[in-house]
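Student: sequence and computational prediction follow.
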Amino acid sequence: MNHIPMNRNSALRIATGVCAATLLALTPSLTTAQTTDFAGLDAAIKALREKYVDASDWAHEQVESAAIVGVLESLGTGARGFEPLVEQVETVALPEADLDRLGFYHEILPPDVGYLFLGRLEPAESGQADQLREILKGWAHPEVGEPRVGALIVDLRFLTSEDLDGAGRILDLFAAPGEELFSVEGANARRFTSETEPAELAEVPVVVVVNDRTADAGEALAGGLYDLCDAVTVGRVTAGVGATYEPVTFANGLSAEIATSKLVFASGRSSFPDGLQPDIQAKIDPMLELALMLKRTGVETEEESALAKALEEAREENGLSLEEELSIPRGAAETTEADRERQRVMDLEAEQLEQEARFGLDRDSVLQRAVDLVRGLKALRFRR
């Protein structure tokens, strides 16, 4: 299961929710039970301190304040004028089925920017890392007439994967043997180091694109590239999830999944709990962003599939080839039923072209920012 937090302060979020729920559950009427036993609350706090990866950062005042604010928030409109301890982040519900269809895509953006989109990490036996190595090699030694890539954009938007080993295999391409990639601190602590020679092109300027659905292994990749390649990041703050979670059930029946470990990078910074802050903030509508990524990886939307089917059926009914369509002047008089049918085919064709234009590179303003940035970085490096 992927864990995408709804705010940027997990420690206080957990304390608030657990303390509020425990207080309410154990306190049916404080006016008639002034001596209520708060043993359940104490047990909940103790369990959190034992399990939660950053519990050592909690101060007594924080826990106390979180409990009070949690109770006030539970009263809804019955309490006003207080400041919540945590900032709520707006999220947009995206279709999980579409997220699962994202894959891998690569191309050279004019004139010489290598673009890699990683929507999913594949198992080791798939050879995904080897495929990437070959792509980078081909870009470094292009065929006659093809440009040599002078900069890279690694797009990690929507990459939500728990496969930290997969992230390590990709980062291996950008690190020297034995170099630290990232670490897991807390439960199941582990240090990831490079085991292979770096791929070609590992020395060119790198820009990493992220959004709020970049999580787990996606954050490991983003943070690792930031350190290993001195990469610049563009997009939105990443999810800020823990590396592992453990279910905990409290005395009053409330249960939650508590982060028991976190990602830490060679520079000492962590993606948990506040996410990775991009160097340059940029965003577009999340639904459009997902549609662009699906289109880029060759996945048709339902609308596209329906239009393609309608166009195919119309052509079959009329026996009209594309060449014949193009030979008919746009706006020609529709004098017969056959003429009207031909015009219908042409209108469907125009609609299809218009739909394709909707998902062009120019619609992805975040990627455009990344392209402009990496070209500038390349120019600066060339002048040094």
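Tutor: Arrived safely. Numbering: from 1, shown residues only.
Student: name the element Val248 belongs to?
Tutor: Element membership of Val248 [criterion: DSSP states H and E] is strand 244-249.
Student: pLDDT averaged over the next helix or strand after that strand - what is it?
Tutor: Scanning forward in sequence from strand 244-249 by DSSP H and E, the next helix or strand is strand 255-264. With pLDDT averaged residue by residue, strand 255-264 scores 91.
Student: buried residues in strand 255-264?
Tutor: Under the neighbour-count criterion of 16 or more other CB atoms under 10 Å, strand 255-264 has Ala256, Ile258, Ala259, Thr260, Ser261, Lys262, Leu263, Val264 buried. (Glycine included, C-beta is placed from N, CA and C.)
Student: contacts for that strand?
Tutor: 3, 10, 14, 17-18, 48, 51-54, 182-189, 219-220, 223, 241-250, 270-273 (CB atoms under 8 Å, 6 or more residues apart in numbering).
Student: how about a cut-off of 6 Å?
Tutor: 51-53, 182-188, 220, 242-249, 270-272 (CB atoms under 6 Å, 6 or more residues apart in numbering).
Student: what about the strands in the stretch 201-350 of the chain?
Tutor: Taking DSSP state E, counting those that start in this stretch to define them, one finds strands in the stretch 201-350 of the chain at 206-210, 215-216, 232-235, 244-249, 255-264, 280-281.
Student: among the ones you listed, which is nearest Arg120?
Tutor: Arg120 sits nearest to strand 215-216 of all the strands of the stretch 201-350 of the chain, at 12.2 Å, using CB to CB.
Student: pairing partners for that closest one, with directions?
Tutor: strand 160-161 (parallel) (DSSP bridges).
Student: quick check: mean pLDDT of the strand it pairs with?
Tutor: Per-residue scores along strand 160-161 average to 92.
Student: next SSE after it?
Tutor: Using DSSP H and E, the helix or strand that follows strand 160-161 in sequence is helix 164-171.
Student: now the contacts of strand 255-264: which count as buried?
Tutor: Looks like the contacts of strand 255-264 have 51-53, 182-187, 220, 242-245, 248, 270-272 buried, using 16+ other CB under 10 Å.
Student: from these, which ones fall inside helices?
Tutor: Using DSSP state H, the members of those that fall in helices are Lys51, Ala220.
Student: TSV for the buried residues of strand 255-264, including distance to Pro142?
Tutor: Output for those, formatted as TSV (distance: CB to CB, whole Å):
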residue	distance to Pro142
Ala256	52
Ile258	50
Ala259	45
Thr260	47
Ser261	42
Lys262	41
Leu263	35
Val264	38
